[in-house]
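1. turn this into a model:
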Amino acid sequence: MRTQRRGFTLFEMMLVAAVLLIAGAAVMPSLASLWGNTPVNAAADTIKARMCEARARAMAEGRPYRFDVMENTGKMRVAPDTSDYWDDSDSGSGMATSTDSNAPAPLVVEDTLPKDILFTSSQSSVPGNQAQGGSSGSWMCPVVFLPDGTTRQDAEIAFGDNHGTPLVLKVQSATGAITTSR
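-> Numbering: from 1, shown residues only. Here you go, the predicted model:
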């Protein structure tokens, strides 16, 4: 006569746990690589969208628009390139704002990158590295979009997290085209 078994032995439970642990260890690197670049790629999409808004507004309104970032932070800003919107002496053209009441309201947007993603200088290899990067708290002017869709000069904007190589967005002055590289 056979007796009916009512559970698992300790050896069987440990064997199943070991198999699951080995399978998890084999799959984990591929899952980490899938998730690893998502916040940085989301930041790149956000920056590109803000730049496209600035370029489109510059072309539509016929005045320069400035895209600025604050180094060693995740802050960015888009506004017309006049001293009315920028409190530093580096504002470009000095064009007066329109007094026409039918003129569209200027685009002024302040935005931040996803958590733990920071702007960095091209000399700095790790975002947030105060020793190599610039000081945080001041706007640096990487891109001014002109009314014809071009920019004043070529520009590079580097950003990333503390875990990998920064992502660099390059803006070509002649076309206003934005490309991405690591």
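2. now residue 112: how far from residue 147?
-> According to CB to CB, to the nearest Å, residue 112 stands 28 Å off from residue 147. Every C-beta, even on glycine, is put in place using the N, C-alpha and C of the backbone.
3. sorry, wrong one. I was asking about residue 116.
-> For residue 116, the distance to residue 147 - CB to CB - is 36 Å.
4. just give the number of residues close to the residue nearest to residue 148 when sequence neighbours are not counted.
-> Spatial nearest neighbour of residue 148, excluding adjacent residues (CB to CB, 6 or more residues apart in numbering): residue 59 at 7.3 Å. Per other CB atoms under 10 Å, the neighbour tally for residue 59 reads 17.
5. in terms of pLDDT, where does residue 3 sit?
-> We have a pLDDT of 75 for residue 3.
6. would you mark the buried spots in the host helix or strand of the residue nearest to residue 148?
-> According to DSSP states H and E, residue 59 maps onto helix 38-61. Of the residues in helix 38-61, 39-40, 43-44, 46-47, 50-51, 53-55, 57-59, 61 count as buried by neighbour count, 16 or more other CB atoms under 10 Å.
7. same thing with stretch 16-29?
-> Under 16+ other CB under 10 Å, stretch 16-29 has no buried positions.
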